[in-house]
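> here is my input; please provide its structure:
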Amino acid sequence: MPDTATSAEFTPADFAPALLAWYDRHRRVLPWRAPAGKTADPYRVWLSEIMLQQTTVAAVKDYFLDFTRRWPTVADLAAAPVEEVLRAWAGLGYYARARNMHRCAVLVVERHGGVFPSQEAELRQLPGIGDYTAAAIAAIAFDRPAAVMDGNVERVMARIFAVEMPLPTAKPILKTHATTLTPRRRPGDYAQAVMDLGATICTPRSPKCILCPWSAPCRARKRGIAEDLPAKLAKAAKPTRRAVAFWLTDARGHVLLRRRPPKGMLGGMMEFPSSAWIEQPMPELAAVLAEAPGGSGWRLLPGLVRHGFTHFDFELTVAAGRLKAPVEGGLLMSPDQLGEAGLPTAMWKIARHALRHLE
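Take a look at the predicted model:
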């Protein structure tokens, strides 16, 4: 146990001071985190929290730096075309986040004069901001005593209080524990400290209990079940959807792209046209090719393109053909310029597959 308290001395009032003392020595340096003693910028806090949803810190760092270089303020982001924002987001996944993020920036400018609200209830009224993000902004940017609940915090609470009820059923219990421990002094630092604790010490596997500032009161450690918590309900098997992607090129070798509808999977992103995404076995090839936006001289490329989405796995066969006439709403682009199109990861896999087999 670190030098904050011994097991016999540790009381509920010791939790926050012990953690904050640890945080002051071991806080992570992150691009969006204000230096010690400095006030956090609500825009940077909000932007980072939106990016970090369902994504790792390592994956987000370069995107965050790029976004804040392009759009240093929420007003700059609001003024940007949504298509440009989507291109900059490409590769982060969960593209509805980017569309909601842009809408949120516009509303912060239009309704709040470019200043983020400081209250959780007001923040939750903005697009893309749910309970977790509202609490994170309120705590970190405005130093309000809000209980921030992400996966790291849930894991820490489940272990400290030995909550064996599986997730997601246990979420209300874990939130109650987190709220009880949240201090009124330095709540923003405390929120970041709990997340750092979960990310660096109270890790999913092989938690470093000997280094933890809360090892003394941790009930799961005392019972030897820390690594087993939090328990989770077994996940249902993901279905598999299938489609044929159409790699259509003109006489110059330029490939056809189009923009997906604004709502739904990969909404508003550029894509290679494809047949319907179905869970049933693929129909006869002639029926599938009838869904293509023109084309002739079709050739099925060997192998499959596989991609995992949150709720389903995706398998694509790629059919290459020659485009004879313009396609309404289509965009022809040289393969060596595809990096400018802001393609989502699934589409990049199609491009790499096609180019490899057509060389």
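
> and Ala320, helix, strand or coil?
Put simply, Ala320 is strand when judged by DSSP: H, G, I helix; E, B strand; the rest coil.

> swap that for Lys38, sorry
Relying on three-state DSSP, one would call Lys38 coil.

> where's it relative to Leu197, distance?
Taking CB to CB, to the nearest Å as the measure, Lys38 falls 21 Å from Leu197. In short, each C-beta sits where N, CA and C put it, glycine included.

> could you do Ala319 as well?
In this view, Ala319 and Leu197 are 51 Å apart by CB to CB.

> who's more crowded, those two?
Leu197 (25 against 22; other CB atoms under 10 Å).

> what's the first helix or strand after the strand or helix carrying the more buried one?
Assessed by DSSP states H and E, Leu197 sits inside helix 187-200. The helix or strand immediately downstream of helix 187-200 is helix 219-223, counting by DSSP H and E.

> quick check: Ala325 is in a strand.
No: assigned with three-state DSSP, Ala325 falls outside any strand and is coil.

> OK, contacts around the spatially closest residue to it that is not a sequence neighbour?
Once flanking residues are discounted, Ala325 sits nearest to Gly294: 5.8 Å by CB to CB, 6 or more residues apart in numbering. By CB atoms under 8 Å, 6 or more residues apart in numbering, Gly294 lies in contact with 248, 323-325, 327.

> quick check on Gly294: phi, psi?
Phi and psi for Gly294, reported as degrees, to the nearest 10, are phi 90, psi -180.

> now do it against Pro213, distance only.
Counting by CB to CB - Gly294 and Pro213 are separated by 64 Å.

> ranges for the helices of the stretch 101-250 of the chain?
Secondary structure of the stretch 101-250 of the chain, counting by DSSP state H, counting those that start in this stretch: helices at 120-123, 131-136, 142, 151-160, 171-181, 187-200, 219-223.

> turn those into a markdown table, columns for distance to Tyr94 and mean pLDDT.
Formatted as a markdown table, those follow (distance: least, CB to CB, whole Å; pLDDT from 0 to 100):
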| stretch | distance to Tyr94 | mean pLDDT |
| --- | --- | --- |
| helix 120-123 | 20 | 96 |
| helix 131-136 | 13 | 95 |
| helix 142 | 26 | 96 |
| helix 151-160 | 15 | 96 |
| helix 171-181 | 20 | 95 |
| helix 187-200 | 20 | 96 |
| helix 219-223 | 31 | 96 |
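
> minimum distance to Ala75: which of those has it?
helix 120-123 (17.8 Å; CB to CB).

> ok, Pro283 - how many residues close by?
Neighbours of Pro283 using other CB under 10 Å come to 14.

> phi and psi next, for it.
phi -70, psi -180.

> show the pLDDT at it.
For Pro283, the model assigns a pLDDT of 87.

> helices and strands around the lowest-mean-pLDDT helix or strand in the chain, which ones?
Least confident element among the helices and strands of the chain, by mean pLDDT, DSSP states H and E: helix 285-289 (a mean of 87). Packing contacts for helix 285-289, counted by 3 or more CB pairs under 8 Å, 6 or more residues apart in numbering; DSSP states H and E, involve strand 240-249, strand 296-300, strand 313-322.

> can you lay out those as TSV showing distance to Ala98 and mean pLDDT?
Output for the helices and strands packed on helix 285-289, formatted as TSV (distance: least, CB to CB, whole Å; pLDDT from 0 to 100):
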stretch	distance to Ala98	mean pLDDT
strand 240-249	22	94
strand 296-300	33	90
strand 313-322	20	94
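
> need the winner for burial among the ones you listed.
strand 240-249 (a mean of 21; mean count of other CB atoms under 10 Å).

> and that strand, how far out from the chain middle?
26 Å (CA atoms, centre = their mean, to the nearest Å).

> what is it packed up against?
Strand 240-249 sits against strand 255-259, helix 285-289, strand 313-322, helix 345-358, with contacts defined as 3+ CB pairs under 8 Å, 6+ apart.

> using PDB, write out the CA atom coordinates for the second one.
In this case it means helix 285-289. The C-alpha coordinates for helix 285-289 follow below in PDB (Å, rounded to 0.1, in the frame of the first residue of the first chain):
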ATOM      1  CA  LEU A 285     -24.300 -13.400 -59.300                       C
ATOM      2  CA  ALA A 286     -26.500 -12.100 -62.100                       C
ATOM      3  CA  ALA A 287     -29.100 -10.800 -59.600                       C
ATOM      4  CA  VAL A 288     -26.400  -9.100 -57.500                       C
ATOM      5  CA  LEU A 289     -24.800  -7.400 -60.500                       C
END
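
> mind listing residues that contact that helix?
By CB under 8 Å, 6+ apart, helix 285-289 touches 244, 275, 282, 295, 298, 300, 319.

> dihedrals phi and psi, the fourth one?
It refers to Gly295. Dihedral pair for Gly295: phi 110, psi 160, per degrees, to the nearest 10.
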